[in-house]
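Undergrad: Task: produce atomic coordinates for the following.
(2 chains)
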Amino acid sequence: MLALPEKFDSNEWFIIISLVVTYTILFLLPKRFPHTITIIMLLFSMTYVQVIDHILAGISFNLYDINDVEKYELFDLITWFLYPPFGYFYIYFFDKWSVRGVGIFWYILLWAFIAIIEEALSLKFNIFTYHGWKLTYSIPVYFITLIIYLQFFLFLKGTFKKLKTSLPKQ
Amino acid sequence: MSLVIFSTISLVAAIYFAVKPKNLTVFELALIMLVVILLDSNIMDIVMLKIDRISLSDKRTDYFSFYCTFILLYPLMIAWNIDHISSIRFKPLNIFLSLFTILTITGFESLTKYLKVVKYVNWNWRLDLAQWLTIWLVSYFSHKLFRKLVLKELKQ
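TA: As a prediction, this is how the structure comes out:
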C-alpha cells in the first residue's frame, strides 16, 4: 500500500483544492474535441510528467522531491493528476481562439509564464523540495514541453480529420 | 556496453515499427504505449523508491540504457504485439505471440540485471514476468475499450 502523508498540511490541501478547481472547469467546458483526442492528450500529459519526474526526481538524478518524503507516497500519485487539466486547457484555448502565426509564439510564452507561476505556487505549498534544481531551470523545460505538446495535438487532430474523411459514414 | 546494446535494440525496433504496415490506428497505438509507460513508471517508482527491491546503477550510461528500455523498447514491443495479433483470427497463435512478447521483455529485464544496469534486491524474473503479464493485460483490455470509441467517433 502507498503511504498516507504523516501530516495533512498545506501541500495536501493545495493538491486537493487544485484538483477540484481544475477538474470542475475541465468538465464544465463545452466539448471541443472528439473523446479519442481528449483521452490521448490527458494521458499524454500525465505520462510525460511522470517520465520527466521519474528521471529528474527519481533515484537516477534526485534533483527534487515531490511532497513530504523522498519515498513514493499516495499523494505523489495524486499530484500527477494535476497536470492533465493544464495540458487540456492549453490545447483547448489554442484551438478555440484559432491561434496562428506569431500568435503561437505569444501563446507559448503566456503558457510558459502560467506554468512558472504554478510551479512557484507549488513550491510555496511544499509540493516540491529542490536539491540542486532551481525554478529558473524549469523555464526551458516548459518551453520544450509546450512545443512537444502542441505538435502532438496538431498531429493527432490532423490524423483524426484524415482518417474520418477516409472512412465510410454510419 | 549496456548503452550500445539497449540503444541499438531500441532504435532498430523504433525504426522498424515506424515504417512497418500497421493494423491499428495511431490513436490506438498511442494509447497502448502511453498505458505501458504509465504503468511501468508507477511500478518502477514503487519497486525502486518505496520497497527498495531494485536499485539503479550509478553510471550515467546505465541510466540511459534503463530509460531506453522503459520509454522506448517495452512500450514498442507491446504495441507491436497488440497491433500484430489484432489481424490474426487464430486464438492459440495470438496467445503464443503475446506470451512470447512478455517472455522476451522479461528476458530483456534479466539482461539489464546481467549487464548491471539494475541490481535486484529481493526481486527476481518471476516478479518481472508477473509485472509484464499484468501490464500486457491492462494495456490489451484498455485498448479493446478504446478501440470501440475510436471506431465509433471516426464513423460518426
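Undergrad: Now do the strands in the chain.
TA: Just going to use chain A. A:64-66, A:128-130 (DSSP state E).
Undergrad: Wait, chain B was what I had in mind.
TA: B:54-56, B:118-120.
Undergrad: does the longest helix along chain A come close to chain B?
TA: Longest helix of chain A, by residue count under DSSP state H: helix A:138-166. Yes - against chain B, helix A:138-166 shows contacts by C-beta under 8 Å from any C-beta of the partner chain at A:156, A:159-160, A:163-164. All C-beta spots, glycine's among them, are computed from the backbone N, C-alpha and C.
Undergrad: which one of those residues is nearest residue B:3?
TA: residue A:156 (32.1 Å; C-beta to C-beta).
Undergrad: Hmm, that closest one is touching residue A:41, no?
TA: Yes - applying C-beta atoms under 8 Å as the test, residue A:156 and residue A:41 come out as touching, 7.2 Å apart.
Undergrad: hang on, the earlier thing: could you name the stretch from the strands of chain A that's closest to chain B?
TA: Evaluated over the strands of chain A, closeness to chain B peaks at strand A:64-66, with 10.1 Å, by C-beta to the nearest C-beta.
Undergrad: for the closest one, packing partners?
TA: Contact analysis of strand A:64-66 by 3 or more C-beta pairs under 8 Å, 6 or more residues apart in numbering or on different chains; DSSP states H and E lists strand A:128-130 as its packing neighbours.
Undergrad: Distance of the residue nearest to residue A:126 when sequence neighbours are not counted relative to chain B?
TA: Among residues not flanking residue A:126 along the chain, residue A:11 sits closest, at 4.5 Å (C-beta to C-beta, 6 or more residues apart in numbering or on different chains). For residue A:11, the distance to chain B equals 18 Å [C-beta to the nearest C-beta, to the nearest Å].
Undergrad: Just name the most buried of the strands of chain A.
TA: strand A:64-66 (a mean of 19; mean count of other C-beta atoms under 10 Å in any protein chain shown).
Undergrad: Residue ranges in chain B under the pLDDT threshold?
TA: The model of chain B has no residue with pLDDT under 70.
Undergrad: at 80 what do you get?
TA: Within chain B, the ranges that satisfy pLDDT under 80 run B:50.
Undergrad: Run a quick neighbour tally on residue B:71.
TA: Residue B:71 has 20 neighbours, counted by other C-beta atoms under 10 Å in any protein chain shown.
Undergrad: I'd like to know the beta-bridge partner residues of residue A:128.
TA: On the basis of DSSP bridges, residue A:128 is bridged to residue A:66.
Undergrad: isn't it right next to residue A:120, touching?
TA: No - applying C-beta under 8 Å, one finds residue A:128 not in contact with residue A:120, separated by 10.1 Å.
Undergrad: quick revisit: now do the shared contacts for residue A:156 and residue A:41.
TA: Shared contacts of residue A:156 and residue A:41 (C-beta atoms under 8 Å, 6 or more residues apart in numbering or on different chains): none.
Undergrad: Who are the packing partners of the lengthiest helix in chain B?
TA: Using DSSP H to define each element, chain B has its longest helix at helix B:125-155. Applying 3+ C-beta pairs under 8 Å, 6+ apart, we find helix B:125-155 packed against helix A:35-56, helix A:138-166, helix B:26-45, helix B:74-85, helix B:91-114.
Undergrad: Could you check the fourth one and say which residues are buried?
TA: Okay, so that is helix B:74-85. Within helix B:74-85, the residues scored as buried using 16 or more other C-beta atoms under 10 Å in any protein chain shown are B:74-85.
Undergrad: and which of those residues is nearest to chain A?
TA: Lowest distance from chain A to the buried residues of helix B:74-85 (C-beta to the nearest C-beta) belongs to residue B:75, with 9.6 Å.
Undergrad: need the contact list for the closest one.
TA: B:32-34, B:36-37, B:40.
Undergrad: Now distance to residue A:80 too, for those, in CSV please.
TA: As requested, the contacts of residue B:75 are exported to CSV (distance: C-beta to C-beta, whole Å):
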residue, distance to residue A:80
B:32, 20
B:33, 17
B:34, 13
B:36, 16
B:37, 12
B:40, 14
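Undergrad: Understood, closing this out.
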